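**Student:** return a 3D structure for these sequence lines:
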Amino acid sequence: MASELSSELLAQCLVRTLEEAAFVFAEPTGDPPPFEGEVIEARVTYSGGHSGELLLASPHGLAATLAANLLGEDEGGASVTGDDFDALGELLNMVVGSLVLDLFGPEAGCKLGLPRVKRVSAQEYGRELGKAHAVATLVEEEGRRIDLSAFITAGAP
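**Tutor:** Residues are numbered from 1 along each chain as shown. This next block holds a predicted model:
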């Protein structure tokens with residue numbers, strides 16, 4: 001059964017993926033802490049009943065935790081351009097797979113792009129976030145923020 005794209009659906013997919021794949025427990029929040037300094041963002045395109053792009057954003061410290069947990073290693077060995085980038089891209093890959101199943105159903109023919117990861121300033125990220133169709137903001141146990149946002153590029157959500 002297909003679902004409608006919403007902030008709630010984004011939050012459900014992100015919470016589920018964080019818990020199952022990275023052992024990170026987070027909850028949606030309406031009052032997130034601000035991002036400061038640089039933000040690591042991962043983007044991936046998808047198409048099915050509509051086309052869009054997902055954007056996953058995290059501070060470096062949380063990306064390092066995700067990398068360590070996904071790799072089964074102690075935190076601290078990841079680099080800002082290595083494992084952290086790979087972890088955020090891989091996590092987004094898992095999230096988009098889950099999301100398109102929820103959005104379009106298991107029988108729909110969907111196409112997924114390859115994740116692209118880069119660093120941006122918190123200000124640049126904030127400007128981009130204002131253009132999103134739907135946004136889910138979560139805070140994990142240590143108070144760090146992670147966002148998942150969706151941008152519709154063609155078709156109706």
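
**Student:** and the helices in this structure, which stretches?
**Tutor:** Under the criterion DSSP state H, helices of the chain are mapped to 7-17, 60-71, 83-104, 122-129.

**Student:** what packs against the last one?
**Tutor:** Right, helix 122-129. strand 38-47, strand 51-59 (3 or more CB pairs under 8 Å, 6 or more residues apart in numbering; DSSP states H and E). (C-beta placed from N, C-alpha, C; glycine too.)

**Student:** next, name the residue at the spatial heart of the protein.
**Tutor:** The centre of the chain sits closest to Leu56, judged by CA atoms, centre = their mean, with a distance of 2.9 Å.

**Student:** hang on, Arg16 packs against Leu99?
**Tutor:** No: Arg16 lies out of contact with Leu99 (CB atoms under 8 Å); the separation is 10.2 Å.

**Student:** low-confidence ranges in this structure?
**Tutor:** 1-2, 74-82, 156-157 (pLDDT under 70).

**Student:** distance check, the residue of the chain positioned farthest from its centre against Leu101.
**Tutor:** Ranked by distance from the centre of the chain (CA atoms, centre = their mean), the top residue is Glu107, with 23.9 Å. Remark: distance between Glu107 and Leu101 (CB to CB, to the nearest Å) = 10 Å.

**Student:** who has more neighbours out of Arg16 and Leu99?
**Tutor:** Leu99 (28 against 14; other CB atoms under 10 Å).

**Student:** in this structure that one contacts Leu9, no?
**Tutor:** Yes: at 7.2 Å, Leu99 counts as touching Leu9 under the criterion of CB under 8 Å.

**Student:** find the nearest non-adjacent residue to Ile146, please.
**Tutor:** Excluding its sequence neighbours, the residue lying closest to Ile146 (CB to CB, 6 or more residues apart in numbering) is Ser58, at 4.8 Å.

**Student:** who's in contact with the nearest residue to Ala150 once chain neighbours are set aside?
**Tutor:** Leaving aside its chain neighbours, Ala150 sits nearest to Ala134 (4.8 Å; criterion: CB to CB, 6+ apart). Contacts for Ala134 were tallied using CB atoms under 8 Å, 6 or more residues apart in numbering; they are 5-7, 9-10, 149-150, 157.
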